[in-house]
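S.K.: predicted model, plus sequence, below.
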Amino acid sequence: MGKIYIVSISSGSSSDLSKRAIDALNESDVIVGYKGYIDLIKNVIEGKEIYSNSMRGEIERCSFAISSANEGKKVAIISSGDAGLYGMAGPIFEMADGIEIEYIPGITAAFLAASQLGAPIMHDMCTISLSDLLTPFDVIEKRLKAAAEGDFVIALYNPKSSGRQNHIETAMDIIRLYRKDTTPVGIVKNALRSGQNVKITMIKDIDFDEIDMSTTIIIGNSQTYIKNGYMVTPRGYRI
Ligand code: SAH
């Protein structure tokens, strides 16, 4: 009987792979994933049949995984962070019929980044992807406005790509209508993997040139402050 494991690889570094993720990779005959993520875990998938392709090849990857499982193979389809947030879990559940699926959760980028910034989340938060490949930009703008107005801590994913250089600036223009210029902002590139870069700044001082597609940005709420070089959002305890 074939089976699909949806494997969340968190940061991709071996110390962040869960035991369940490693067990599923070991169990699998075929590993399917975006080329960049396959490279991150190459030390744990040596000798396996690999199917990888580029960004935007998601549907081909899912089709391949499903047809391999239908041939009776055990297939791991991998996603960075958690597969259920802007990852491969959705299209697998949308496309697969009559196949056993096991979804192994992971640590999403907002929490990988948070762990390097202090305790920036701690309270009600939301994630917003700035990619308009699958979501119209006016919907993204509406959500940015609502999140900013609602005083959520906001984690921005997919802040920039070669075709989308200015979305992050537009997003910050919306957010700053509702937040002080001195609101702390954490900018984390390649959290917990090689090339990590961590910066804590304020809305008014963001250097947009430092932001790329491997960056997650965490914008504090009205209560977030900086202490000892860490970003802290109070839960409300009397300290
Ligand atoms: N499923 C993934 C998100 C995929 S969308 C998750 O749960 O994390 C891709 C975006 O995630 C990137 O553009 C970036 O904003 C963010 N991201 C993924 N891994 C990251 C990391 N290690 N460090 C910082 N940002 C990361």
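M.R.: Yep, it's here.

S.K.: and the strands in this structure?
M.R.: 3-8, 30-34, 49-53, 74-79, 100-104, 118-119, 125-129, 153-157, 184-189, 197-202, 215-219, 225-227, 230-232 (DSSP state E).

S.K.: and for residue 9, the neighbour number?
M.R.: Residue 9 is flanked by 30 other residues according to other CB atoms under 10 Å. Bear in mind the C-beta positions are built from the backbone N, C-alpha and C, glycine included.

S.K.: before we move on, what about residue 72?
M.R.: For residue 72, using other CB under 10 Å, the count is 10.

S.K.: can you pull up the bridge partners for the residue in the chain positioned nearest to the ligand?
M.R.: Closest to the ligand within the chain is residue 81: 1.9 Å, counting by CB to the nearest ligand atom. Note on residue 81: beta-bridge partners by DSSP bridges are residue 10.

S.K.: residue 85: what's it in contact with?
M.R.: 108, 127, 157 (CB atoms under 8 Å, 6 or more residues apart in numbering).

S.K.: state the distance from the residue of the chain closest to the ligand to residue 48.
M.R.: 22 Å (CB to CB, to the nearest Å).

S.K.: who's more crowded, these two?
M.R.: Applying other CB under 10 Å to residue 81 and residue 48 shows that residue 81 carries more neighbours, namely 26 against 15.

S.K.: flag every residue of this structure that's near the ligand.
M.R.: Within the chain, the positions adjacent to the ligand are 11, 79-82, 85-87, 108-109, 112-113, 157-159, 188, 190-191, 193, 213-216 by CB under 6 Å from any ligand atom.

S.K.: try 5 Å
M.R.: Applying CB under 5 Å from any ligand atom, we find that the chain lies next to the ligand at 11, 80-82, 85-87, 108-109, 157-158, 191, 213, 216.

S.K.: closest one of the residues you listed to residue 52?
M.R.: Distance to residue 52 across those (CB to CB) is lowest for residue 80, with 13.3 Å.

S.K.: per-residue confidence for that closest one?
M.R.: pLDDT recorded at residue 80 is 97.

S.K.: and if you look at the one 4 residues further on?
M.R.: Predicted confidence (pLDDT) for residue 84: 98.

S.K.: where does pLDDT dip in the chain?
M.R.: Nowhere does the chain drop to pLDDT under 70.

S.K.: now with 90?
M.R.: Along the chain, the parts satisfying pLDDT under 90 run over 1, 53-56, 161-165.

S.K.: in it, which residue is most central in space?
M.R.: When the chain is reduced to its mean C-alpha position, the closest residue under CA atoms, centre = their mean turns out to be residue 109, at 4.0 Å.

S.K.: against residue 70, how distant is residue 52?
M.R.: 20 Å.

S.K.: now residue 162
M.R.: From residue 162 to residue 70 the distance is 36 Å (CB to CB).

S.K.: those two: which has the busier surroundings?
M.R.: Comparing residue 162 with residue 70 by other CB under 10 Å, the one with more neighbours is residue 70, at 15 against 7.

S.K.: pretty sure residue 167 is touching residue 160, no?
M.R.: Yes - shown here, residue 167 and residue 160 form a contact pair, counting by CB atoms under 8 Å, at 7.0 Å.

S.K.: who touches both of those two?
M.R.: By CB under 8 Å, 6+ apart, the residues touching both residue 167 and residue 160 are residue 130.

S.K.: not counting sequence-adjacent ones, nearest residue to residue 64?
M.R.: residue 51 (5.0 Å; CB to CB, 6 or more residues apart in numbering).
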